[in-house]
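K.L.:
all I have is the shape, not the residue letters:
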């Protein structure tokens, strides 16, 4: 793992780069973190993905809020005071508009990195990052070939910046995995997203895992080993099919 600072329109975004063993260049994957932020379990995702032969970039999307200690997902959403800080100090600045502005800088960084194979990249995201991954596919369609979202929320809402509204612009292959217990991605939202992607002719798959929102990360109270492994299998299959060869 290497730490790099990426200049954005609004400042400097601390980011983490993970390289596979051997020599590059490798196809690149941009990972959009979840709402708990950068901590060992999030870094583990980048490290494991790299072992499958990908140059992985994991930016800290909370950089506008300043440095912070790793958050505890066991108390973050149940402690009212911690939740208030999360919403007001962190989420308030990690808006889709801000993150899409940052994503231009992330893509430009990858385009100039000698260890990155030229051509379109893949993206994946978790929770809030799932929304960002799908939004990026519609915002930078010429630069993204594969898009994944795991337990992403608010993917098809009435909001003017809802990701499903970008479906006509998406050119990547899309994979979305929700959870059977997830208030932020209920069945009616799944249907709405399905209809938008189908209507736009997007090559996509939407699945619902028998798990709870947030199942991928080992440090959460809802971690599900079987669902996390299914996540890895589907993610690597998506990227191998679109980014290698």
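P.N.:
Structure received. Not measured: the values here are computed from a predicted model.
K.L.:
is residue 125 bridged to anything, and to what?
P.N.:
Beta-bridge partners recorded for residue 125 (DSSP bridges): residue 32, residue 149.
K.L.:
where exactly do the helices run in the protein?
P.N.:
Remark: helices assigned in the chain by DSSP state H are 40-50, 80-85, 96-112, 128-139, 187-199, 225-243.
K.L.:
buried sites along the helix or strand bottoming out on mean pLDDT in the chain?
P.N.:
When each helix and strand of the chain is scored by mean pLDDT, DSSP states H and E, helix 80-85 comes last, with a mean of 89. Buried positions in helix 80-85, judged by neighbour count with 16 or more other CB atoms under 10 Å: residue 85. Yep, even glycine has a C-beta here, placed from its N, CA and C like the rest.
K.L.:
packing partners of that helix?
P.N.:
Helix 80-85 sits against no helix or strand, with contacts defined as 3 or more CB pairs under 8 Å, 6 or more residues apart in numbering; DSSP states H and E.
K.L.:
related to what we said a few turns ago, looking at the helices of the chain, which one has the lowest mean pLDDT?
P.N.:
Looking at these, the lowest mean pLDDT belongs to helix 80-85 (a mean of 89).
K.L.:
run through who's touching that one.
P.N.:
Identification of contacts with helix 80-85 by CB atoms under 8 Å, 6 or more residues apart in numbering yields 71, 75-77.
K.L.:
which of these ranks first by neighbour count?
P.N.:
residue 71 (20 neighbours; other CB atoms under 10 Å).
K.L.:
pretty sure that one is in contact with residue 35, am I right?
P.N.:
No: if you go by CB atoms under 8 Å, residue 71 and residue 35 don't touch, sitting 9.0 Å apart.
K.L.:
overlap in contacts of those two?
P.N.:
Common neighbours of residue 71 and residue 35 (CB under 8 Å, 6+ apart) are residue 86.
K.L.:
tell me the contacts of residue 39?
P.N.:
With the criterion set at CB under 8 Å, 6+ apart, residue 39 makes contact with 70-71, 219.
K.L.:
let me have those residues in CSV, extended by pLDDT and distance to residue 127.
P.N.:
Shown next, in CSV, are the contacts of residue 39 (pLDDT from 0 to 100; distance: CB to CB, whole Å):
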residue, pLDDT, distance to residue 127
70, 91, 16
71, 92, 13
219, 96, 13
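K.L.:
for the residues you listed, which one is nearest residue 9?
P.N.:
residue 71 (25.8 Å; CB to CB).
K.L.:
do you know how far residue 49 is from residue 60?
P.N.:
Distance, residue 49 to residue 60, using CB to CB, to the nearest Å: 17 Å.
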